[in-house]
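Trainee: turn this into a structure:
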Amino acid sequence: MVLGLSLIAGACSKKPAAVVEDVYKSANDRKFSNILPFILPDSVAPFTDQEKKTFEEYLSDYFGDGPVYSSYTIECEEPAEDATEMKFVVNTSMSDGLNYKETGTLVKGNDGKWRLALVNAPNDTTTLFSVTDPQKRTKELMRNLRYAYVMTMATRGIPEYQVQAAYYWIDGIMTPKSKNQYITLIKNAADKGNGEALYKLGVAYYFGDMGVEQNNQKYFEYSKMAAEAGNPQGLYNLGYAYDEGIGTMKDEAEAVKWYQKAADAGSVNAYNSLGYMYEEGRGVEKDAEKAFELYLKGAENGNGYAMNNVSLCYQNGNGTSQDMAKAVEWATKGAEAGNVPAMNHIADIYYNGTNGIERNYDKAVYWYKQAAEEKSNYAQYMMGECYEYGRGVEKNLATAKQWYRISANNNDYKPAEQALSRLFWD
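Mentor: Numbers count the residues shown, from 1 in each chain. Below you'll find the model as predicted:
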């Protein structure tokens with residue numbers, strides 16, 4: 001889950017290079033409380049003595065007794081007077097003899113003071129701070145600062161930081177993985193009305209995961225609360241609940257309403273689902289052109305299912321003019337984005353030589369294999385067919401049977417069972 005940029009501020013009036021210098025010097029001297037003025041927003045009450053101690057402990061755990069900066073140079077140009085953001089680079093030489101280049105960002109507050117900027121996404125350690133060495137053996141100062149800050153603020157019960165801390169726990173980022181810690185923090189934040197937490201709690205009940213039992217009614221209730229809080233994923237999940245009748249009565253018109261709200265809020269998934277409703281005339285008047293328009297929006301924003309649907313629209317001339325070149329283009333994009341239906345679709349186009357596209361068994365086998373490895377029983381069956389008849393691969397009945405058997409065992413896929421039976425008697 002990618003969240004927005006969080007401006008981590010302090011009460012510092014120093015020039016940018018001096019801010020970076022003081023942070024690195026404090027880190028090098030293990031005086032982590034000295035860093036607080038550079039990262040604590042003016043809008044947040046100062047840390048208590050206990051919180052300062054907690055902050056120190058978090059950072060000390062991860063800096064440990066490892067190598068320190070034996071020397072470093074700061075590349076930080078003097079910004080224009082109206083600049084509000086700037087990058088900096090620190091070239092470090094460590095006490096163990098290794099050299100690194102570390103990058104970060106400074107932001108300028110409304111009071112004209114420069115502060116460090118950290119990102120909210122707990123698993124994103126490179127957007128505003130990266131280490132060019134592939135081994136990443138430095139302590140990644142910015143990441144550690146963010147971690148300590150988030151965990152300390154989460155102890156205050158601030159819901160947005162509780163959600164971030166929950167992600168640390170479930171992903172095992174700088175801490176052991178723990179579903180119990182995750183769900184406890186999510187529930188606490190949800191109790192305070194945090195939309196992200198309400199959405200995540202609903203998902204947990206949908207799957208019966210993270211230590212809670214599967215409960216469709218609670219999935220619906222928490223999705224509804226998340227939607228009412230304006231969370232885009234919550235809006236989408238509420239539409240999905242009405243669409244499928246999960247925890248509530250099936251209501252396609254209501255599903256369309258919430259899918260539309262989710263799309264307006266920026267949910268990429270909602271574009272695709274809403275497009276399907278218009279294509280099928282479910283809960284809304286059937287409109288192929290509107291469906292294509294929505295699919296295209298979803299595709300252009302990276303949704304793999306929408307990419308595949310755009311391809312199908314171009315292939316069939318549904319809501320747009322027929323164009324096989326564009327059909328191939330969008331199916332390929334969807335497949336490359338990891339969408340399994342798109343992998344099977346582009347493979348079928350090449351396998352059959354569809355609508356003037358030249359048959360290409362090699363390309364078909366490539367995409368069938370990608371989908372098969374994602375446990376698509378259809379693709380596994382087609383791999384068996386390719387080996388049985390030597391299409392794009394050398395004919396090999398033993399390998400064909402292996403693929404048919406894998407497909408048959410995957411949700412009892414009947415065509416594969418029939419192929420195995422036929423080969424047995426042949």
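Trainee: where along the stretch 301-426 of the chain do the helices fall?
Mentor: Using DSSP state H, counting those that start in this stretch, the helices assigned to the stretch 301-426 of the chain run over residues 304-316, 324-336, 340-352, 361-373, 377-389, 397-409, 414-425.
Trainee: how about those helices in a markdown table, adding mean pLDDT and mean neighbour count?
Mentor: (C-beta placed from N, C-alpha, C; glycine too.) Formatted as a markdown table, the helices of the stretch 301-426 of the chain follow (pLDDT from 0 to 100; neighbours: other C-beta atoms under 10 Å):
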| stretch | mean pLDDT | mean neighbour count |
| --- | --- | --- |
| helix 304-316 | 98 | 25 |
| helix 324-336 | 97 | 20 |
| helix 340-352 | 97 | 24 |
| helix 361-373 | 97 | 20 |
| helix 377-389 | 96 | 23 |
| helix 397-409 | 95 | 19 |
| helix 414-425 | 88 | 14 |
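Trainee: okay if I get those as JSON lines plus distance to Met174?
Mentor: Below are these laid out as JSON lines (distance: least, C-beta to C-beta, whole Å):
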{"stretch": "helix 304-316", "distance to Met174": "31"}
{"stretch": "helix 324-336", "distance to Met174": "32"}
{"stretch": "helix 340-352", "distance to Met174": "33"}
{"stretch": "helix 361-373", "distance to Met174": "32"}
{"stretch": "helix 377-389", "distance to Met174": "38"}
{"stretch": "helix 397-409", "distance to Met174": "39"}
{"stretch": "helix 414-425", "distance to Met174": "45"}
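Trainee: ok, Tyr168 - contacts?
Mentor: With contact taken as C-beta atoms under 8 Å, 6 or more residues apart in numbering, Tyr168 is in contact with 122, 147, 150-151, 174-175.
Trainee: what's the following helix or strand after the host helix or strand of it?
Mentor: Element membership for Tyr168, per DSSP states H and E: helix 159-171. Once the chain leaves helix 159-171, the next helix or strand it forms, by DSSP H and E, is helix 179-191.
Trainee: what helices and strands are in contact with that next one?
Mentor: helix 159-171, helix 195-207 (3 or more C-beta pairs under 8 Å, 6 or more residues apart in numbering; DSSP states H and E).
Trainee: which of the ones you listed sits closest to Asn396?
Mentor: Proximity to Asn396 (C-beta to C-beta) singles out helix 195-207 among the helices and strands packed on helix 179-191, at 39.4 Å.
Trainee: okay, buried residues for the closest one please.
Mentor: 195-206 (16 or more other C-beta atoms under 10 Å).
Trainee: which residues does the residue lying closest to Pro341 once chain neighbours are set aside contact?
Mentor: In space, and not counting its chain neighbours, Pro341 is closest to Asn308: 5.1 Å by C-beta to C-beta, 6 or more residues apart in numbering. Counting by C-beta under 8 Å, 6+ apart, Asn308 makes contact with 330-331, 334, 339, 341-342, 345.
Trainee: can you rerun that using 7 Å?
Mentor: By C-beta atoms under 7 Å, 6 or more residues apart in numbering, the contact set of Asn308 is 331, 334, 339, 341-342, 345.
Trainee: can you check Asp287 too?
Mentor: So Asp287 contacts Tyr278 (C-beta under 7 Å, 6+ apart).
Trainee: which SSE is Thr103 in?
Mentor: strand 99-108.
Trainee: off-centre distance for that strand?
Mentor: 24 Å (C-alpha atoms, centre = their mean, to the nearest Å).
Trainee: would you put the C-alpha positions of it in PDB?
Mentor: Backbone C-alpha positions of strand 99-108 (Å, rounded to 0.1, in the frame of the first residue of the first chain) are rendered in PDB as follows:
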ATOM      1  CA  ASN A  99      32.000   3.800   0.800                       C
ATOM      2  CA  TYR A 100      28.400   4.600   0.000                       C
ATOM      3  CA  LYS A 101      26.200   7.300  -1.500                       C
ATOM      4  CA  GLU A 102      23.100   8.100   0.500                       C
ATOM      5  CA  THR A 103      20.300  10.300  -0.800                       C
ATOM      6  CA  GLY A 104      17.400  12.100   0.900                       C
ATOM      7  CA  THR A 105      15.000  15.000   0.700                       C
ATOM      8  CA  LEU A 106      14.600  18.200   2.700                       C
ATOM      9  CA  VAL A 107      11.300  20.200   2.800                       C
ATOM     10  CA  LYS A 108      10.700  23.800   3.700                       C
END
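Trainee: can you pull the buried residues of the helix or strand following that strand?
Mentor: Note on strand 99-108: by DSSP H and E, the next helix or strand toward the C-terminus is strand 114-119. By 16+ other C-beta under 10 Å, the buried positions in strand 114-119 come out as 114-119.
Trainee: quick one, strand 114-119 and strand 99-108 angle?
Mentor: 110 degrees (axes from the mean of the first three to the mean of the last three C-alpha atoms, to 10 degrees).
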